[in-house]
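> Based on what follows, work out the 3D shape:
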Amino acid sequence: MSDTHGLKLLSTLDDDGRLIVELAEETLPAPTGDQVLVRVEAAPINPSDLGLLFASADVANADYAEGRIVARMPDPARRALAGRVGQSMAIGNEGAGTVIAAGEAPEAQALLGKRVAMIGGGMYAEHRLLAASGCMVLPDDVTAEEGASAFVNPLTALGFVETMKREGHKAIVHTAAASNLGQMLVRICQEDGIPLVNIVRNEAQVAILRDLGAEYVLDSSRDDFLVQLQDAVAATGASIAFDAIGGGHLVSQILHAMEQAASKDAPYSRYGSNVLKQAYVYGALDLSPTILTRSFGFGWNVGGWLLFPFLQRTDAETAERLRQRVRDGLTTTFASHYKARISLKEALTRDAVLTYNARRTGEKYLIVPNG
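Have a look, this model is predicted:
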């Protein structure tokens, strides 16, 4: 097989603070060994993708030309991202498409002609060359669009539940809970009988989760939010939280509610309850500092949670069990719904950027590189 030519999307931060996002031509060699060449048919735009694509650049006032955007990065963000200066970074954590060529290894040959979901970055491209281990064969009745989001959100939601079980908790608090990921978590917890406290930011988002049958849905904009939070935590016994917001007081408020519930009927201790309260921050919808007002004793932890380190710490049997559950539920439990489909060239137009970079809850977009 000869070389394959195509386009891919790159994001580069210059040392002068300019962020350049552009379409670039690439030449891919024929796959060898365990490699496969995939014609990319669909790739979702996840918040983690936007963080790499634009970071905090001022896209509203950027210069737009065909196939190229030049935006300014604020000085604090530029300093924080100093490690990526000068690097042309490929975008797109996951996607799906058809294997059109394969190396000589049996695991690669077994995928030839198959429709697969992929993980490994660089999916905003017409073609992707990667190891066969980064692919998951999709069921025959699942389209590339239905399988494009088979990794990040499904495995993150399942990872939350797996982490809860490993650490001995029995119920979960989740923030920004009306998101695509949050809706998956609602369905998983319903299937597994796990109490779940969902925190959202407005009544429209409450309605989304109520329609899914969620029992505990709290609107953080309400005056009685903190009272409702304490009641929900007490009712469920939740002692672990996964927070997509990051900044502000919400993590502290959740820990406080957990402590109030844990110490309600316990003997007084100046050190607080013996219940370990765990909060994991896994997103950064709010880039301001995480503020902790220590009103929750000494039995607490706050840390970060990321999917790929979680998977690296997971044994092969568990990882395959999680993947199989995703495969079985791609059109039900783990279904993703897209507001719009965007070509690679359209993805660099001003109207499209301002729309999908707004990160509105429930509005998920799909890149179709060859569509």
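> Tell me which stretches of the stretch 51-200 of the chain form strands.
Using DSSP state E, counting those that start in this stretch, the strands found in the stretch 51-200 of the chain span residues 63-65, 68-72, 88-90, 94-102, 115-119, 127-131, 135-137, 172-175, 196-200.
> Would you mind putting the ones you listed into a markdown table with distance to Gly303 and mean pLDDT alongside?
Where C-beta positions appear, they are placed from N, C-alpha and C, glycine not excepted. Formatted as a markdown table, the strands of the stretch 51-200 of the chain follow (distance: least, Cβ to Cβ, whole Å; pLDDT from 0 to 100):
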| stretch | distance to Gly303 | mean pLDDT |
| --- | --- | --- |
| strand 63-65 | 39 | 97 |
| strand 68-72 | 32 | 97 |
| strand 88-90 | 26 | 96 |
| strand 94-102 | 24 | 98 |
| strand 115-119 | 23 | 97 |
| strand 127-131 | 30 | 98 |
| strand 135-137 | 29 | 96 |
| strand 172-175 | 15 | 98 |
| strand 196-200 | 19 | 98 |
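> Please identify which of those strands is closest to Leu306.
strand 115-119 (13.6 Å; Cβ to Cβ).
> Direction included, what does that closest one pair against?
strand 94-102 (antiparallel), strand 135-137 (antiparallel) (DSSP bridges).
> Need the winner for burial among those.
Among these, strand 94-102 has the highest mean neighbour count (mean count of other Cβ atoms under 10 Å), at a mean of 24.
> ok, which stretches of the stretch 1-150 of the chain are helices?
47-53, 75-80, 106-109, 144-147 (DSSP state H, counting those that start in this stretch).
> picking up where we left off before, can I get the strands of the stretch 51-200 of the chain in TSV including distance to Ile245?
Output for those, formatted as TSV (distance: least, Cβ to Cβ, whole Å):
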stretch	distance to Ile245
strand 63-65	30
strand 68-72	25
strand 88-90	25
strand 94-102	23
strand 115-119	25
strand 127-131	32
strand 135-137	30
strand 172-175	5
strand 196-200	9
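> what's the closest of those strands to Glu41?
Among the strands of the stretch 51-200 of the chain, strand 94-102 sits nearest to Glu41 (Cβ to Cβ), with 4.3 Å.
> State the number of residues packed around the residue nearest to Leu285 when sequence neighbours are not counted.
Excluding the flanking residues, the one nearest Leu285 by Cβ to Cβ, 6 or more residues apart in numbering is Ile245, at 5.0 Å. Other residues lying near Ile245 total 21 when counted by other Cβ atoms under 10 Å.
> right, and the strands of the stretch 51-200 of the chain - which one's nearest Asp351?
Short answer: strand 63-65, nearest of those by Cβ to Cβ, at 9.5 Å.
> who touches that closest one?
Outside strand 63-65, the residues that touch it by Cβ atoms under 8 Å, 6 or more residues apart in numbering are Ile69, Val70, Ala71, Leu348, Thr349, Arg350, Val353.
> Reformat the residues you listed into TSV and put neighbour count and distance to Ile188 next to each item.
Formatted as TSV, these follow (neighbours: other Cβ atoms under 10 Å; distance: Cβ to Cβ, whole Å):
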residue	neighbour count	distance to Ile188
Ile69	22	37
Val70	15	42
Ala71	21	37
Leu348	20	35
Thr349	16	36
Arg350	13	38
Val353	23	32
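> out of the strands of the stretch 51-200 of the chain, nearest to Ser288?
The closest approach between Ser288 and any of the strands of the stretch 51-200 of the chain, judged by Cβ to Cβ, belongs to strand 172-175 at 14.7 Å.
> list the buried ones in that closest one?
For strand 172-175, a neighbour-count test (16 or more other Cβ atoms under 10 Å) marks Ile172, Val173, His174, Thr175 as buried.
> Over to stretch 229-245?
Those would be 229-233, 236, 238-245, for stretch 229-245 by 16+ other Cβ under 10 Å.
> Which ones among those residues lie within helices?
Those of the buried residues of stretch 229-245 mapping onto helices are Leu229, Gln230, Asp231, Ala232, Val233, Thr236, per DSSP state H.
> May I see those residues arranged in JSON lines, with pLDDT as well?
Below are those laid out as JSON lines (pLDDT from 0 to 100):
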{"residue": "Leu229", "pLDDT": "98"}
{"residue": "Gln230", "pLDDT": "97"}
{"residue": "Asp231", "pLDDT": "97"}
{"residue": "Ala232", "pLDDT": "98"}
{"residue": "Val233", "pLDDT": "98"}
{"residue": "Thr236", "pLDDT": "98"}
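> contacting residues around Leu218?
So Leu218 contacts Val197, Asn198, Ile199, Val200, Phe225, Gln228, Leu229, Ala232 (Cβ under 8 Å, 6+ apart).
> From those residues, pick the one nearest Asp141.
For these, with Asp141 as the reference and Cβ to Cβ as the criterion, the closest is Asn198, at 30.8 Å.
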